[in-house]
Each structure stands twice: as structure tokens, then as C-alpha cells.
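this one's structure only:
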């Protein structure tokens, strides 16, 4: 309670008054420093006559607070991310933090796209894509004033998780005669997308799991040959051709020991993709 009974004055640690109380003949003045938040709250003024039968008058309550214009404090996001090379399909959140009394309303806009408006401090892309590339601005407003939009943040999707598709048939069927033919050759081929370029390896499934196929390099006789396509700059290419390369596994002189299930595996720092091939034999 602020009262005239003790004529007290509360001070800051550096000696400046937090509030002052002045009693005039027909009115009272209470001055509260605007930066002293501990005195914010609801106030009423009560007047009591010093008579044998005192009467008291009480004013309507007034809430005192200090209104301040908004101020942008921080743009918050996962600092492990590169805003210029976000991963396609990932969950991306970007938070605009501002202060002000009353609490400011925050709005996000996108440069060159008048239809884009996101209300609230969090700019959220649950599955960001190339279409979301652009420069985004944060603005804070609370009716007292407004914080000019920040300098803008440019975000770009430039990394893509590996994807694969079949070029050759996923199921190949050979006959008994094929398996004894000296010239029978088999080819598995896949098309791989991804940025950065995925590493592609070939595996054969067995009872113990998988065994990696190593390029033999033998020019005659039974052998495996692995071909990897030429890599181009995946960061500047068309979205439909991003990091596209072709990879193949070739057998010379395919035989019965080669029947079974094969796996093409593409992996990078953004993820892993796999495709399976089956080789089987049927009677002539």
C-alpha cells in the first residue's frame, strides 16, 4: 500500500526514487517510475474523513502498467541446420522472439508473395519443399508501436534424401538352358536421385543377412562389374533432375550360384533408400 501516513519513499539501489507521494490541499499525486515493474498492478484511491462518524470514499480500480513498443530480440532455429541447404521434406521451424508491453502480435511475410501471411511467432514447415524457398520477414506490433521487420532470412531447400527407381525389371527369370549358356549375362540397373550424391552399393541376401558385392575386375570368366553414372552439380540442377545418376550391376556368365535376392542401396547424410531384385529359375 502507498500511504501518506508514513510519508515514505521507496528507492532504487542507485538512489533514484521508485515512486513519490505528494499531498496537496484538494488532491493527491502518486508518481510511479515507468521502469519499476514491481509496482505494476491494480490501484484504488480511498478517502476517509476524520470525524466521529467517518465516511470513506473509494475510487474505481485502475490498472497501472508500463506500455512499451515491440523490440525484436532473436530469430531462433536449430543452429545445426544450414538455412541455405535445408533437406527436402524435413520439418523446419523458425521462431521470431519479440518483447513489448502489451505482448506484441507477430506476423511473418514472404518477399515477392503477397498472399503469404503466417500469424504467430513460429514459422513452421512440417515438410519443407523447394516451393518454400524464399526470403521471410518477421514483424511485431502491439498497438503502442511496431518493430520494423527484420532484415529478412533467406531459406533454401538444396538437399534431397536418396530416392531410387527401377530401370531394369525387379524380377528376372532364367531357364535351365540360360544357366549353362557360356554367354548368359544379367544386368541390374537403377536410377538414383539425391543431393549430396548418395553412395550406391550392391548386396546379396543370404542366410546370415547380406554380403556386399565387390567389383571383380576380371575381364574373362564369371565376374561382377559395377558401373556408376557421372555425377553433376546437384545443387544447381532442375528439381526433377536433382542429383540424378545411373548405377548398374552386371554379371558375366551368370550361373546357378547367382540366383537369389539382390539389394541396391543408396545412402548419404540425408538418408537411405533401397530397391530389391529377385533372380529365379524356371523350367524350359
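Nice, thanks for sending it over. Being a predicted model, the structure only gives us computed values, none of them experimental.

Quote the end-to-end distance of stretch 262-277.
5 Å (Cα to Cα, to the nearest Å).

what about it, average pLDDT?
Stretch 262-277 shows an average pLDDT of 95 in the prediction.

Give me the pLDDT value at residue 173.
85.

and what of residue 78?
For residue 78, pLDDT reads 93.

For the residue nearest to it when sequence neighbours are not counted, pull up the helix or strand it's in.
Nearest residue to residue 78 in three dimensions, chain neighbours excluded: residue 93, at 7.6 Å (Cβ to Cβ, 6 or more residues apart in numbering). For glycine as for every other residue, the C-beta is placed from the backbone atoms N, C-alpha and C. Element membership for residue 93, per DSSP states H and E: strand 92-101.

Now do that strand: distance to the chain's middle.
Here strand 92-101 is found 15 Å from its chain centre; the criterion is Cα atoms, centre = their mean, to the nearest Å.

With stretch 151-167 instead?
13 Å.

From start to finish, how long is that stretch in a straight line?
Termini of stretch 151-167 sit 47 Å apart (Cα to Cα).

and the gap between residue 116 and residue 135?
Distance of residue 116 to residue 135, computed by Cβ to Cβ, to the nearest Å: 11 Å.

just to revisit the earlier point, so what's the residue nearest to residue 78 bridging to?
residue 124 (DSSP bridges).

Just give the number of residues close to it.
By the measure other Cβ atoms under 10 Å, the count of residues near residue 93 is 14.

And it, how far from residue 231?
Distance from residue 93 to residue 231, by Cβ to Cβ: 32 Å.

what ranges of the stretch 51-200 of the chain fall below the confidence cut-off?
64-65, 180-184 (pLDDT under 70).

now the residue nearest to residue 78: how far from residue 75?
11 Å.

tell me which element the closest residue to residue 194 other than its chain neighbours falls in.
Excluding the flanking residues, the one nearest residue 194 by Cβ to Cβ, 6+ apart is residue 162, at 3.9 Å. If you go by DSSP H and E, residue 162 is part of strand 157-166.

And the next helix or strand past that strand?
strand 171-175.

in that following strand, what's buried?
Going by neighbour count (16 or more other Cβ atoms under 10 Å), the buried part of strand 171-175 is 172, 174.

now stretch 75-95
86, 87, 88, 89, 90, 92, 94.

What ranges does the stretch 101-250 of the chain have for its helices?
176-180 (DSSP state H, counting those that start in this stretch).

returning to that earlier point: next, show the common contact partners of residue 116 and residue 135.
residue 110 (Cβ atoms under 8 Å, 6 or more residues apart in numbering).

returning to what we had before: how about the contacts made by the residue nearest to residue 194?
192, 193, 194, 198, 266, 267, 268, 270, 271, 272, 273.

List buried residues within these.
Taking 16+ other Cβ under 10 Å as the criterion, what is buried in these is 192, 193, 194, 198, 266, 268, 270, 271, 273.

isn't the first one right next to residue 164, touching?
The reference is to residue 192. Yes - using Cβ atoms under 8 Å, residue 192 is in contact with residue 164, at 5.3 Å.

so what sits against both of those two?
Common neighbours of residue 192 and residue 164 (Cβ under 8 Å, 6+ apart) are 266, 273.

got a list of what the most centrally placed residue in the chain touches?
Closest to where the C-alpha atoms of the chain average out (Cα atoms, centre = their mean) is residue 92, at 1.5 Å. Neighbouring residues of residue 92 by Cβ under 8 Å, 6+ apart: 77, 81, 86, 124, 125, 128, 155.

mind giving me the domain split of this structure?
19-64, 68-155, 160-282 (automatic domain parsing).

bridging residues for the closest residue to residue 98 other than its chain neighbours?
Take residue 98 and drop its neighbours on the chain: the residue closest to it by Cβ to Cβ, 6+ apart is residue 140, 3.8 Å away. As for beta bridges, residue 140 partners with residue 106, residue 147 under DSSP bridges.

and what of residue 99?
residue 71.
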